[in-house]
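Chemist: could you look at this predicted model? Sequence included:
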Amino acid sequence: REGIQGGNVTDNAPLRAGKGSLYEGGTRVPMIVRWPGQVPAGSTSDVPTIHVDFYPTLAALAGAKLPAPEKQILDGENLLPLWRQERKELSREAIYQHFPGYLGAGGDTFRTMPVSLIRAGDWKLMEFIEDGRLELYNLRRDIGETTNLVNAEPQRTKELHAKLQAWRKNIGAPMPTPNPNAGKDAAVAAGAEKKKKGAKKAAP
């Protein structure tokens, strides 16, 4: 399926792929925080964060009370301890992402197809739901995601895949289902296109 999954709309080299993809070129962006007196100037952190972290962070900044866990599950973490350098790590063990659909890029290519991933430390495992293909990368050593380590790291692959599957089950993640009419639909579309071309040739 790699042949039809090359529709990049941006080039973020040395990161792989671009906007709309769940490879690093589509998800990794820098976060810049300026807060004199609170965030030390010139300080850095390589702890990965995700958009759902902004809710608890902004709530903490405003002194707002978060909903009780039984009323609303909180997916993100408060980033203030990282910004203020009070802590070097967050509490969670992994970041999860799930995109159960197709994102086109024109010309029968896709920026991404249905995929889930888990990012734990330096390791990132992707499961392409359409065919079950797994890809494993060490982002510290291979930021461009050029070398799939599934065969070289079978135990790590198994452990991360199990965590990803458990997370999907726990949150009730929607999963795509096979289209029983896929072959029929393709044949109908091909026939209609052929008929259309034939009509053009017959026109005076």
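Modeler: It's in.
Chemist: and the most centrally placed residue in the chain, what does it touch?
Modeler: Geometric centre of the chain, nearest residue: residue 22, 3.6 Å, by CA atoms, centre = their mean. Applying CB atoms under 8 Å, 6 or more residues apart in numbering to residue 22 gives the contacts 97, 99, 112, 115, 117, 126. (Each C-beta comes from the backbone N, C-alpha and C, glycine too.)
Chemist: in a strand, it, correct?
Modeler: No - assessed with DSSP: H, G, I helix; E, B strand; the rest coil, residue 22 is coil; it does not lie in a strand.
Chemist: of the contacts of residue 22, buried ones?
Modeler: 99, 112, 115, 117, 126 (16 or more other CB atoms under 10 Å).
Chemist: so which of those sit within strands?
Modeler: 99, 112, 115, 117, 126 (DSSP state E).
Chemist: give the bridge partners for the third one, please.
Modeler: Residue 115 forms beta bridges with residue 99, residue 128, as assigned by DSSP bridges.
Chemist: got the phi/psi numbers for residue 160?
Modeler: Phi and psi for residue 160, reported as degrees, to the nearest 10, are phi -70, psi -40.
Chemist: give me the number of residues near it?
Modeler: Counted with other CB atoms under 10 Å, residues neighbouring residue 160 total 23.
Chemist: pretty sure it contacts residue 118?
Modeler: Yes - here residue 160 lies in contact with residue 118, judged by CB atoms under 8 Å, at a distance of 5.3 Å.
Chemist: need the residues touching each of the two.
Modeler: residue 125.
Chemist: so the closest residue to residue 11 other than its chain neighbours, which of the three states?
Modeler: Nearest residue to residue 11, sequence neighbours excluded (CB to CB, 6 or more residues apart in numbering): residue 18, at 6.0 Å. When classified by three-state DSSP, residue 18 comes out as coil.
Chemist: and for residue 136?
Modeler: strand.
Chemist: run through the chain and note the low-pLDDT ranges.
Modeler: 1-9, 183-204 (pLDDT under 70).
Chemist: what segments of it are strands?
Modeler: Counting by DSSP E, the strands of the chain are 95-99, 103-106, 109-112, 115-120, 123-128, 133-138.
Chemist: nearest approach to residue 147 belongs to which of the ones you listed?
Modeler: strand 133-138 (7.1 Å; CB to CB).
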